[in-house]
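[1] pasting the sequence and the predicted model now:
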Amino acid sequence: RDRSVSRGLGDVYKRQGLTVAAALTACGSSGTQDAGGSQTADRGEYDLKILNFKGEIADDLSKMCREYEKEFGVKVDEFTIGTGEDINGIMRAAMNSEDKPSLYSCGGNFIEWKEGGYILDLSTVEDTEFQEFMQTVNDDMILKDLDGNGSYGVPLCVEGYGFIADKRMLSDILGADKVDAFLTDYKKATYEEYEAMVNALDTFIKDGKEVTFTLNKTEYTTQAKSGLAENLYGVFSVAGADPWTYVGHYVTGPVSSVLKTERDALLAAPEQVDKLNGGLQAYVKALELATAHTAGQNGALSRGDEYIQSVTNGYDQAVQNFALGKSVLLAQGTWAYTKIIGENPETADSLVMLPFKFPLTQQDICVEGYTPETINQDVVQLIPQYWAVNAKVSEKEQKEAERFLKWMHTSETGRKYITEIFKFVPYNATEEMDLGNSLNNSFLSYQLEGNVYNYAAAGAPGGWSDEVGAKVKEEYLTKETWSKEDMDTLVEFMISDWKGRLEN
């Protein structure tokens, strides 16, 4: 997600004479085995090796490791896979080398590591203090297998996403005395009210005219165009060059209304995928609305060839456009905070998160307790990565990895890094916590109220999101208008591609 560049592992493993291709074919590895069958090697240079693939924390993770070294008198060797590098390939090379990581980032590749015997079930750790630490992690935040068993990973943090808004911009559009009421009424508004608001704001941006719209049956009227509102080019910033922003993330509300969790999506049968039809129709309608009201760098940006170019409308440009007040709403998550305030520090204390809106009906929803109202009032919660302990390193290294994991989440130093330096929402955040970050605090309010739903779309078959994203990008975001037939064709493709991948 983040475009920052960090140290990569690729060159490190190449210097050791390893290649990704060799890792893919290697079944054994050199080194000796201890009595438990774990792979060991003569480390010498370090006591703990960490492999991380969350690029935006690379430098700060290194600083954290230096503090751990000072406190415990050990040597930590940490590496971060760089943005744009082949994460899975580099990790396979690492796992098949004599230089295996003891503690590593684990995400969508969990099944591969479990089947290969590279991941330790943390519920089997005998250390009492470590198990006390594990008790502080909510059970639904622990990485489990597809049967819901085991404890294979602990979350690095929790992230949330939806639309991001700047309260200062809302103040200049509506008046300072209307902002709090607007935020409350927006959350409760229907999709129809939201759509009317988007069209009204589009008129306001283009003509500077006073317009009126209704949210939650409450009327709002724009002020004369002034202040930050004079910079506006569009209602939304949309990163047309980066489909993960408008497919992988945006589609999850409708997916979650049928398949509640990532695990449910992973295990979905063809007949369940068919039930996504109504929700995906709602997604495509909402996507058409957003992409038709987009801010560019130098004015309103219509769908077309320029819309999908990375040099004009990628993630960096979309975030920058929002940060500089060219749009009202940005579809992004808590991870974007640092980049937004990097572009405009004046936004630091005024960012809030708002829910996506979809024209869902109750017939589109299969999850008990979910309604169109709940989906449209909630934001998405996800765990971006877990920390896993390697079962193929020595028992001594496993214990060091366990100690580091516990220290990172329970010590004063570790907690400081997670909340203040990494700027993350910890898995155990409470109402008393001030995260020192307006966007994280806004997301936390949804979390504490239970107004979140799961990132279920992450459980779609491998390649589905990429294939759908490519189709939307190349065949839809380049078209000025979308017909009903266009939308139906896209939904049919999304369902058939998902089902086709289940058969392969």
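    Yep, that arrived. What you see is a predicted model; the values in this text were computed from it and never measured.

[2] below-threshold pLDDT in the stretch 51-200 of the chain: ranges please.
    83-84 (pLDDT under 70).

[3] same question for the chain.
    Looking at the chain by pLDDT under 70, you get 1-44, 83-84.

[4] and the longest helix for it?
    Once the chain is assigned using DSSP state H, the helix that runs over the most residues is helix 484-503.

[5] which secondary structure elements does it contact?
    Helices and strands touching helix 484-503, by 3 or more C-beta pairs under 8 Å, 6 or more residues apart in numbering; DSSP states H and E, are helix 270-274, helix 277-291, helix 464-471. All C-beta atoms are positioned from the backbone trio N, CA, C, and that covers glycine.

[6] would you turn those helices into TSV with mean neighbour count and distance to residue 256?
    Putting those into TSV (neighbours: other C-beta atoms under 10 Å; distance: least, C-beta to C-beta, whole Å) gives the following:
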stretch	mean neighbour count	distance to residue 256
helix 270-274	15	13
helix 277-291	22	9
helix 464-471	18	14
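
[7] need the ones you listed in CSV (columns: distance to residue 210).
    Formatted as CSV, these follow (distance: least, C-beta to C-beta, whole Å):
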stretch, distance to residue 210
helix 270-274, 47
helix 277-291, 22
helix 464-471, 39
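
[8] residue 416: which of those is closest?
    Residue 416 sits nearest to helix 464-471 of all these, at 35.0 Å, using C-beta to C-beta.

[9] just want the angle from that closest one to helix 277-291.
    Here helix 464-471 runs at an angle of 50 degrees relative to helix 277-291 (axes from the mean of the first three to the mean of the last three C-alpha atoms, to 10 degrees).

[10] hmm, who's touching helix 464-471?
    By C-beta atoms under 8 Å, 6 or more residues apart in numbering, the residues outside helix 464-471 that reach it are 243-244, 246-248, 251, 457, 490, 493-494, 497-498, 501.

[11] who are the neighbours in contact with residue 349?
    residue 438.

[12] nope, residue 144 is what I was after
    150, 151, 152.

[13] in the stretch 1-150 of the chain, which spans are helices?
    Assigned by DSSP state H, counting those that start in this stretch, the helices in the stretch 1-150 of the chain fall at 10-15, 20-25, 58-72, 87-95, 110-115, 128-134.

[14] before we move on, what about the stretch 201-350 of the chain?
    Here the stretch 201-350 of the chain has its helices, by DSSP H, counting those that start in this stretch, at 252-256, 262-266, 270-274, 277-291, 310-313, 315-323, 337-343.

[15] with respect to residue 419, which of those lies nearest?
    In terms of C-beta to C-beta, the element of the helices of the stretch 201-350 of the chain nearest to residue 419 is helix 337-343, at 12.2 Å.

[16] just the CA trace of the closest one, in CSV.
    Taking C-alpha atoms only, helix 337-343 is exported to CSV below (Å, rounded to 0.1, in the frame of the first residue of the first chain):
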residue,chain,number,x,y,z
TYR,A,337,-2.1,9.2,7.8
THR,A,338,1.6,9.7,7.6
LYS,A,339,1.5,10.4,3.9
ILE,A,340,-1.4,12.8,4.2
ILE,A,341,0.3,14.9,6.9
GLY,A,342,3.6,14.7,5.0
GLU,A,343,1.8,16.4,2.1
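
[17] for that helix, enumerate the helices and strands it packs against.
    Under the contact rule (3+ C-beta pairs under 8 Å, 6+ apart), helix 337-343 is packed against helix 315-323, helix 438-449.

[18] if you compare these, which one is most tucked away?
    helix 315-323 (a mean of 24; mean count of other C-beta atoms under 10 Å).

[19] indicate which one of the helices of the stretch 201-350 of the chain is closest to residue 146.
    Comparing these by C-beta to C-beta, helix 262-266 comes nearest, at 6.5 Å.

[20] hang on, residue 159 is in a strand, isn't it?
    Yes - under DSSP: H, G, I helix; E, B strand; the rest coil, residue 159 sits within a strand.

[21] I'd like to know how far it sits from residue 426.
    The span separating residue 159 from residue 426 equals 11 Å under the rule C-beta to C-beta, to the nearest Å.

[22] residues near residue 413, how many?
    Look at residue 413: counted by other C-beta atoms under 10 Å, it has 13 neighbours.

[23] and stretch 162-173, how far from the chain's centre?
    Offset of stretch 162-173 from its chain centre (C-alpha atoms, centre = their mean, to the nearest Å): 22 Å.

[24] and stretch 402-416, by the same measure?
    23 Å.

[25] with only the CA atoms kept, save stretch 283-296 in CSV.
    The C-alpha trace of stretch 283-296 is given here as CSV (Å, rounded to 0.1, in the frame of the first residue of the first chain):
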residue,chain,number,x,y,z
TYR,A,283,-20.7,-2.0,-5.6
VAL,A,284,-20.5,-1.2,-9.3
LYS,A,285,-23.2,1.5,-9.0
ALA,A,286,-21.2,3.1,-6.1
LEU,A,287,-18.0,2.8,-8.0
GLU,A,288,-19.5,4.5,-11.0
LEU,A,289,-20.7,7.4,-8.9
ALA,A,290,-17.3,7.9,-7.2
THR,A,291,-15.2,7.6,-10.4
ALA,A,292,-17.5,10.2,-12.2
HIS,A,293,-16.8,12.9,-9.6
THR,A,294,-13.0,12.8,-9.3
ALA,A,295,-10.4,15.5,-8.6
GLY,A,296,-7.3,15.6,-10.7
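
[26] distance of the residue nearest to residue 101 when sequence neighbours are not counted from residue 100?
    What sits nearest to residue 101 in space, not counting adjacent residues and going by C-beta to C-beta, 6 or more residues apart in numbering, is residue 51, at 3.7 Å. The gap separating residue 51 from residue 100 is 9 Å, by C-beta to C-beta.

[27] please enumerate the shared neighbours of the two.
    Joint contacts of residue 51 and residue 100 (C-beta under 8 Å, 6+ apart) are residue 94.

[28] so what's residue 276 up against?
    Applying C-beta under 8 Å, 6+ apart, we find residue 276 in contact with 254, 255, 258, 259, 494, 495, 498.

[29] turn those residues into JSON lines, including neighbour count and distance to residue 443.
    Output for the contacts of residue 276, formatted as JSON lines (neighbours: other C-beta atoms under 10 Å; distance: C-beta to C-beta, whole Å):
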{"residue": "254", "neighbour count": "28", "distance to residue 443": "21"}
{"residue": "255", "neighbour count": "28", "distance to residue 443": "20"}
{"residue": "258", "neighbour count": "24", "distance to residue 443": "24"}
{"residue": "259", "neighbour count": "27", "distance to residue 443": "23"}
{"residue": "494", "neighbour count": "26", "distance to residue 443": "28"}
{"residue": "495", "neighbour count": "17", "distance to residue 443": "31"}
{"residue": "498", "neighbour count": "24", "distance to residue 443": "29"}
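
[30] with that, I have no additional questions.
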